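Undergrad: how would this look folded up:
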Amino acid sequence: LEAGPGVTLGQNPVSGKTIISAVGGGSGGGGGYIVVDRPSATAGQNHSFSFSAQNAFNLTAYALKETAGATNQTYVIDDFNAESELNYDSTNAVVFDGQLSAYTGGTYTTSVQGEFYSLPVQDGSRSLSISGVDESIIPVMTSNTSPSGYVASASSIYDSRYNAYLAFDRRIVSGTGSDAWVGATGAIPTPGNPQWLRIDMPGAKALSGYSLVNRAAGLINSPKTWKLQGSNDGGDTWETIHSVTNDTNNTAGAVRRFIIDSVPAEYSSYRLLIEELFSSASSSYITLRELSLFPFTMFMINSGSDWYSSSNGLLFPVAAPATADDFNNNGFSQSGEIPESQLSSLSQINVVSPVATDVKILFTPQYQIAIRESLLSVAAFGQINSATLTATQT
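TA: This next block holds a predicted model:
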């Protein structure tokens, strides 16, 4: 090796390696280097540098500095949110909600439409199923005031371990007596001095039925005679919806379910007014594991001026409803799977109920497609030298 101008050669006597030292000089006479940065480089990426003869600097040495590159980088091509939909030409049942999928239905609430309540159903299905939601209108309660808008209360409690909300927590743990509302010792209900369990809701709803679940263990002293009542004025006045006399089922964990035959009004507060227990011993107390309130679930299908009911997926025409009782007489709670051959002749399909209630829609769409309207820019991929595609087929 021969050292050029501004370059010094040396040797490390221990390692035997040659040491090259260089001093750079600019055209202005000062020392320095030209630094070329390549930010965001990735592992294994190749780089080329061009040194032009027209450079204004008289360089006596070139140095290449290595810095740690970026690895395991992720580039989001599309997150398929609502804004992404504007970039695609898609068929009517394609859903952009954080993933690209076909619409298959859901649970919805009917809204007021004239004298009744209605829910429009998306068109273009290969099959359609309509049913009520067979679960309590009370969400899972974790305290007397949670979730927000719902308040559970009772005429008395044994102690704070047996609060009113435990009858609305939807927990049924076999063999335990702690998961229940338990009244105070000696608070024995009578027609003149009843005990009660109450729930207040943020909105009014009508019921098709309700159920009581007996305590699973410990002293099982279940309601024997009671009234289910509703109120819309904060509990100042109550109307009886259903009543039971002398039901002696006191079996541990038993579920007692009752149907409300008529079309009831909608109420924002409900209470179980208990007038008699299985045992009226003075040292006793009332127990109730769960109280479930089921929404009204009778429907008709409307399309233009035509009205239909359904049985096992077969539509048949019915008279237009004039009163809420017509839904009990001519309506359905479960349509069955209605095939395309039954639906193709209908225009806009509406599910109609006499009261506000939840409707479960199962929708089988036609085949769907989504095509991006413009090419995707891949300029950001210029720093990638290897990639792995991971996809999940649904």
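Undergrad: can you tell me what sits against stretch 308-328?
TA: Stretch 308-328 has contacts (CB atoms under 8 Å, 6 or more residues apart in numbering) with 116, 129-130, 261-263, 298-302, 305-307, 330-332, 335-339, 342, 352-355. C-betas here are computed from N, CA, C, even on glycine.
Undergrad: show the buried residues in those residues.
TA: The neighbour-count test (16 or more other CB atoms under 10 Å) marks 116, 129-130, 263, 298-302, 307, 330-332, 335-336, 338-339, 342, 352-355 as buried among those.
Undergrad: and for residue 184, the neighbour number?
TA: 16 (other CB atoms under 10 Å).
Undergrad: who are the contact partners of it?
TA: Contacts for residue 184 (CB under 8 Å, 6+ apart) come out as 156, 157, 158, 285.
Undergrad: compare these and tell me which has the most neighbours.
TA: Ranked by neighbour count (other CB under 10 Å), those have residue 285 at the top, with 21 neighbours.
Undergrad: quick one, strands of the stretch 51-200 of the chain?
TA: Per DSSP state E, counting those that start in this stretch, the stretch 51-200 of the chain carries strands over the ranges 88-90, 94-96, 100-102, 105-109, 111-113, 116-121, 125-132, 151-154, 181-182, 195-205.
Undergrad: among those, which is the most enclosed?
TA: Neighbour counts (mean count of other CB atoms under 10 Å) averaged over each of those peak at strand 181-182, with a mean of 26.
Undergrad: could you list every helix and strand that it packs against?
TA: Packed against strand 181-182, as judged by 3 or more CB pairs under 8 Å, 6 or more residues apart in numbering; DSSP states H and E, are the following elements: strand 287-288.
Undergrad: how about a cut-off of 10 Å?
TA: Identification of packing neighbours for strand 181-182 by 3 or more CB pairs under 10 Å, 6 or more residues apart in numbering; DSSP states H and E yields strand 151-154, strand 287-288.
Undergrad: re earlier: the contacts of stretch 308-328 in strands, which ones?
TA: 116, 129, 130, 300, 301, 302, 306, 307, 338, 339, 352, 353 (DSSP state E).
Undergrad: quick one: pLDDT of the closest residue to residue 101 other than its chain neighbours?
TA: Nearest non-adjacent residue to residue 101, counting by CB to CB, 6 or more residues apart in numbering: residue 95, 5.2 Å away. Among the per-residue scores, residue 95 holds a pLDDT of 93.
Undergrad: lowest-scoring secondary structure element of this structure by mean pLDDT?
TA: Lowest on mean pLDDT, DSSP states H and E among the helices and strands of the chain sits strand 18-22, with a mean of 68.
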